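Student: no sequence on this one, just coordinates:
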């Protein structure tokens with residue numbers, strides 16, 4: 001690995017594998033231009049948001065990329081994954097995902113990749129794990145740069161898609177835990193957790209579906225002028241990964257729907273139990289209320305029990321017997 005004395009600004013990382021087999025890093029702008037014109041080497045320029053001015057100069061003045069693609073790179077909105085063919089290069093957008101297990105926040109980051117015959121340019125507004133991973137591999141050994149631009153692009157996109165797997169597996173663990181919680185403790189916090197999981201799974205679905213279509217186009221060899229035939233099988237492997245991720249997401253969404261249905265059923269069962277208890281209490285006290293109302297009238301001479309010494313005790317005893325009989329009947333019917 002040969003460092004250069006004149007380096008580009010912060011936010012721009014460059015790697016150049018020359019025809020003699022030497023790796024050069026941190027090229028100056030003039031060296032980037034010279035490497036671009038060398039058909040037998042491979043140039044990789046990574047542009048981050050830290051060096052937007054320098055990055056736009058590289059994209060516009062050195063590589064002469066279409067202004068629409070540059071706007072997509074620096075647009076504050078996240079564009080959907082896609083691939084556009086501009087003849088001498090491909091412009092690819094993929095999504096990298098990150099999930100914070102502590103806050104349960106799913107973050108989507110956009111990675112833009114230009115694929116030429118002898119160069120790859122990656123642009124991202126936020127740090128992307130795939131770029132850092134491939135940079136470490138390139139600095140440790142130059143094998144990732146020796147097979148051409150399509151293979152380098154494959155290495156970047158492959159890590160991006162693989163990063164979906166731990167996120168989906170974490171969702172799978174969470175939904176398994178939620179299935180137990182909705183039965184044992186169906187509180188509002190549990191419902192919010194289920195809805196949050198379903199929302200995050202839907203966001204993953206919206207990211208992986210168009211990326212699957214992009215990889216499908218690569219695997220069908222729609223770009224033979226820029227992607228070598230022996231690289232097709234590697235993009236087909238990424239396509240298989242996207243299909244598997246999509247199936248895992250669908251499984252998580254189905255389990256989330258099941259957990260939500262279980263939660264609603266559990267809540268309804270609890271409400272029914274409360275209503276049943278209230279109904280039993282109402283039925284038990286209805287005859288007692290009737291007896292008390294009758295004896296609470298002002299027709300004194302109508303009830304001889306008023307002049308009978310144990311009359312009051314008899315009325316209380318009749319109430320207790322009625323209550324016990326009703327409770328016994330309800331227990332016999334297994335209503336509570």
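Tutor: Sure, I can see it. Quick caveat: nothing in here was measured; it's all calculated off a predicted structure.
Student: So this structure: which segments form each domain?
Tutor: 1-144, 269-332 (automatic domain parsing).
Student: Residue 243 is nearest to which of the ones you listed?
Tutor: Closest to residue 243 of the domains of the chain is domain 1-144 (C-beta to C-beta; 14.7 Å). Every C-beta, even on glycine, is put in place using the N, C-alpha and C of the backbone.
Student: what about the longest helix in this protein?
Tutor: Looking across the chain with DSSP state H, the single longest helix is helix 232-295.
Student: C-terminal to that helix, which secondary structure element comes first?
Tutor: Where DSSP states H and E defines the elements, the next helix or strand beyond helix 232-295 is helix 311-332.
Student: That following helix to helix 232-295, inter-axis angle?
Tutor: 160 degrees (axes from the mean of the first three to the mean of the last three C-alpha atoms, to 10 degrees).
Student: Does anything pack onto helix 311-332? Which helices or strands?
Tutor: For helix 311-332, the packing partners by 3 or more C-beta pairs under 8 Å, 6 or more residues apart in numbering; DSSP states H and E come out as helix 232-295.
Student: Rounded mean pLDDT for the helix it packs on, please.
Tutor: For helix 232-295, mean pLDDT rounds to 81.
Student: Without its sequence neighbours, what residue ends up closest to residue 82?
Tutor: residue 93 (5.2 Å; C-beta to C-beta, 6 or more residues apart in numbering).
Student: which SS class is the one you found?
Tutor: Using DSSP: H, G, I helix; E, B strand; the rest coil, the structure places residue 93 in strand.
Student: And the pLDDT at it?
Tutor: For residue 93, the model assigns a pLDDT of 96.
Student: helix or strand for residue 108, which one?
Tutor: Here residue 108 is assigned to strand 105-115, by DSSP H and E.
Student: partner strands of the helix or strand just after that strand, parallel or antiparallel?
Tutor: Of the helices and strands lying after strand 105-115 in sequence (DSSP H and E), the nearest is strand 119-124. In the sheet, strand 119-124 lines up against strand 42-48 (parallel), strand 105-115 (antiparallel) (DSSP bridges).
Student: what does strand 119-124 rub up against?
Tutor: 35-36, 42-49, 55, 58-59, 63, 65, 73, 109-114, 131, 149, 152-153, 156 (C-beta atoms under 8 Å, 6 or more residues apart in numbering).
Student: got it, and stretch 196-207?
Tutor: Everything outside stretch 196-207 that qualifies as a contact, by C-beta under 8 Å, 6+ apart, is 80-81, 95, 97, 99, 104, 106, 108, 164, 167-168, 171, 174-175, 178, 245-246, 249-250, 252-253, 256-257, 260.
Student: Below-threshold pLDDT in this structure: ranges please.
Tutor: 1-10, 50-51, 142, 284, 288, 290-292, 294-312, 314-315, 330, 333-336 (pLDDT under 70).
Student: quick revisit: name the residues of the strand holding residue 108 that come out as buried.
Tutor: Using 16 or more other C-beta atoms under 10 Å as the test for burial, strand 105-115 gives 106, 109, 110, 111, 112, 113, 114, 115.
Student: who's in contact with the fifth one?
Tutor: Applying C-beta under 8 Å, 6+ apart to residue 112 gives the contacts 69, 72, 73, 91, 92, 93, 122, 123, 124.
Student: Just the closest of the residues you listed to residue 272, please.
Tutor: For the contacts of residue 112, the nearest to residue 272 is residue 93 (51.3 Å; C-beta to C-beta).
Student: surely that closest one meets residue 75?
Tutor: No. Contact criterion C-beta atoms under 8 Å: residue 93 and residue 75 do not qualify, at 10.5 Å.
Student: Hmm, residue 56 and residue 74 touching each other?
Tutor: Yes. Residue 74 lies in contact with residue 56 (C-beta under 8 Å); the separation is 7.3 Å.
Student: which residues are in contact with both of the two?
Tutor: With C-beta under 8 Å, 6+ apart, residue 74 and residue 56 have no common neighbours.
Student: Now do the residue nearest to residue 82: how many residues are near it, please.
Tutor: The tally of other residues near residue 93 (other C-beta atoms under 10 Å) stands at 22.
Student: what's the answer for residue 276, then?
Tutor: 13.
Student: one step back: separate out the buried members of the contacts of stretch 196-207.
Tutor: For those, buried by 16+ other C-beta under 10 Å: 81, 95, 97, 99, 106, 164, 167-168, 171, 174-175, 178, 245-246, 249, 252-253, 256, 260.
Student: picking that back up, tell me which other helices or strands the longest helix of the chain touches.
Tutor: Using 3+ C-beta pairs under 8 Å, 6+ apart, helix 232-295 sits against helix 149-162, helix 164-184, helix 188-219, helix 311-332.
Student: how big is the angle separating the second one from strand 105-115?
Tutor: By that I understand helix 164-184. Using the same axes, to 10 degrees: helix 164-184 against strand 105-115 is 160 degrees.
Student: angle of helix 164-184 against helix 188-219?
Tutor: 150 degrees.
Student: tell me which strands and helices helix 164-184 is in contact with?
Tutor: So helix 164-184, by 3+ C-beta pairs under 8 Å, 6+ apart, packs with strand 90-100, helix 188-219, helix 232-295.
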